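[1] make a model of this:
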Amino acid sequence: MSWPRRRRRGIFDLFDIEGLFREIEESFRQFEEEIEKMIQQVSEEGRVEKFGPYFYGVRITIGPDGVPRIEEFGNIRRVEGGRRVLSEEIEPLVDVIDAGDEIWVVAELPGVNKDKIDVKVTERKVTIRASNGKKYYKEVELPAEVDPKTARAKYNNGVLDVKIKKKGSKKEEEGVSVKVE
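    Numbering: from 1, shown residues only. I've put the predicted structure just below:
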């Protein structure tokens, strides 16, 4: 007697990949329509005005719970009602890493001088501001409470690394400025 062969299940069998790609494709189609409307706004005289520059990107990752996550970055923001608006500030791509007794925040800030970067750290949040022609702004919620006084930041080749020890005992409400090395 021969047993029926069982098909091996791969990682892609766990998700509805075709459905996920259809959803992403539809989101991009809607996004393109919204951008075209935003780029070509007609003034009272009937002239077409162009705005820019535009920075937009997405990163698709699989979270620790196995659920796909789509993260947007750039200077095109989604506001109430699902509408998109062009912002003067670019939202950089940021990674948050829980590294045992530390939290690491890594942000891409290309074209910025390190003396133009302002980093503020509270117990639950890191705020990054930078301007050097381009303006960057990002508030990052941290996965655990940290001690703001232990924060250290380094900037090299357009990448900002902020390392903070996890929570001690004091509470810092107003945040602590961090010198970028």
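
[2] only C-alpha atoms for contact and neighbour calcs from this point on.
    OK.

[3] then the helix or strand hosting Tyr136 to PDB, C-alphas only?
    Taking DSSP states H and E as the criterion, Tyr136 maps to strand 134-141. In PDB, the C-alpha atoms belonging to strand 134-141 read as follows (Å, rounded to 0.1, in the frame of the first residue of the first chain):
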ATOM      1  CA  LYS A 134      16.300  68.900   3.900                       C
ATOM      2  CA  LYS A 135      14.300  68.700   7.100                       C
ATOM      3  CA  TYR A 136      13.800  65.400   8.900                       C
ATOM      4  CA  TYR A 137      11.400  64.700  11.800                       C
ATOM      5  CA  LYS A 138      10.400  61.400  13.500                       C
ATOM      6  CA  GLU A 139       9.000  60.500  16.900                       C
ATOM      7  CA  VAL A 140       9.700  56.900  17.800                       C
ATOM      8  CA  GLU A 141       7.700  55.000  20.400                       C
END
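
[4] buried set for it?
    By neighbour count with 16 or more other CA atoms under 10 Å, strand 134-141 contains the buried residues Lys135, Tyr136, Tyr137, Lys138, Val140.

[5] ok, the last one touching Val126?
    Yes - contact between Val140 and Val126 holds when scored by CA atoms under 8 Å: they sit 5.1 Å apart.

[6] so for Leu20, what's the pLDDT?
    Predicted confidence (pLDDT) for Leu20: 77.

[7] about what we covered before: what comes into contact with the strand holding Tyr136?
    88-92, 109, 111-112, 124-130 (CA atoms under 8 Å, 6 or more residues apart in numbering).

[8] check the residues you listed and tell me the two furthest apart.
    Greatest spatial distance among those (CA to CA): Gly111 and Arg124, at 27.9 Å.

[9] outline the domain layout of this structure.
    The chain breaks down by automatic domain parsing into domains covering 9-91, 92-181.

[10] what's the end-to-end length of the last one?
    Using CA to CA, to the nearest Å, the span of domain 92-181 from its first residue to its last is 19 Å.

[11] for it, what is the average pLDDT?
    88.

[12] ok so, going back, and the strand holding Tyr136, how far out from the chain middle?
    With CA atoms, centre = their mean, to the nearest Å as the basis, strand 134-141 stands 9 Å off its chain's centre.
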